[in-house]
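A.B. asks: generate a structure from the sequence data that follows.
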Amino acid sequence: MITLPGLPPEAFAKEDETPDALFYDQPRFVTHIDDAAVEAVTDLYRTHLPPGGRILDLMSSWVSHLPAEAAYAAVIGHGLNDRELAANPRLTQRFVQDLNADPILPLETDSIDAALICVGVQYLQDPVAVLREVARVLVPDAPMIISFSNRWFPTKAVAIWRALHGDDQGRLIDVYLRHAGFSAIEAYAVVPEGGFGDPLWAVIGRT
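C.D. replies: Residues are numbered from 1 along each chain as shown. Predicted structure coming up:
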């Protein structure tokens, strides 16, 4: 495991240490954020994804929240449940892999134009290793878009994530990205707290 300065390995422990593949064995055909947050994610992608690009949707599901009007050369979905991925109409390719057990992506270097993680980064136990792999497969100046809310499976989120909140979780992702080699990092509240529905934050880094 790649440790971060000042953080012990226990920072990335989970309450439920059983293999993630077992937890995600049964498909969950639900969205994990509300409709307003989903719309905000879609608008985020509309703004930052290159038209006609090759998109990598990491920790995906049966829906990718991509703009309906946008066409892409490829949308490669990764997850832990093949039935969920098979039901996603936007995916042109898919693969199942436990990134906590094996962070090496089965993709060529400099082959992807943008990468996404939507409400999933909190489950990564070696996030720097995974994001270094993402940096490897992205073309230069490509965006890595990480969005998150205040909703997650608490027994599967890592300890440091559970100990933080909102903006501080965004700062943690900033640290992940910098250690993985990303730069020009932006972090902001897409849907601020205090309104109706789920808040949503985003952190975007570029190779």
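
A.B. asks: what residues sit buried inside the helix or strand bottoming out on mean pLDDT in the chain?
C.D. replies: The least trusted helix or strand in the chain, going by mean pLDDT, DSSP states H and E, turns out to be helix 20-23, with a mean of 78. Within helix 20-23, the residues that count as buried by 16 or more other Cβ atoms under 10 Å are 20, 23. (Glycine included, C-beta is placed from N, CA and C.)

A.B. asks: what do you get for stretch 141-156?
C.D. replies: Applying 16+ other Cβ under 10 Å to stretch 141-156 flags 142-149, 152, 156 as buried.

A.B. asks: how about the contacts made by the closest residue to Ile104 other than its chain neighbours?
C.D. replies: Excluding its sequence neighbours, the residue lying closest to Ile104 (Cβ to Cβ, 6 or more residues apart in numbering) is Glu133, at 6.1 Å. Contact analysis of Glu133 by Cβ atoms under 8 Å, 6 or more residues apart in numbering lists 103-105.

A.B. asks: with secondary structure and distance to Cys118 added, can I get the buried residues of stretch 141-156 in CSV?
C.D. replies: Formatted as CSV, these follow (DSSP: H, G, I helix; E, B strand; the rest coil; distance: Cβ to Cβ, whole Å):
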residue, secondary structure, distance to Cys118
Ala142, coil, 17
Pro143, strand, 13
Met144, strand, 12
Ile145, strand, 8
Ile146, strand, 8
Ser147, strand, 5
Phe148, strand, 8
Ser149, coil, 9
Trp152, coil, 12
Lys156, coil, 16
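
A.B. asks: does the residue sitting nearest the centre point of the chain sit in a helix, a strand or a coil?
C.D. replies: Most central in the chain under Cα atoms, centre = their mean is Ile117, positioned 1.7 Å from the mean C-alpha point. At Ile117, secondary structure determined by DSSP: H, G, I helix; E, B strand; the rest coil is strand.

A.B. asks: just the strands in the chain please.
C.D. replies: In the chain, the strands defined using DSSP state E lie at 54-58, 74-79, 93-96, 114-118, 143-148, 183-191, 200-206.

A.B. asks: what is the first one packed up against?
C.D. replies: Under the contact definition 3 or more Cβ pairs under 8 Å, 6 or more residues apart in numbering; DSSP states H and E, strand 54-58 sits against strand 74-79, strand 114-118, helix 127-137.

A.B. asks: contacting residues for the closest residue to Arg83 other than its chain neighbours?
C.D. replies: Nearest non-adjacent residue to Arg83, counting by Cβ to Cβ, 6+ apart: Pro27, 4.4 Å away. For Pro27, the contacting residues are 62, 81, 83-84, 87, by Cβ under 8 Å, 6+ apart.
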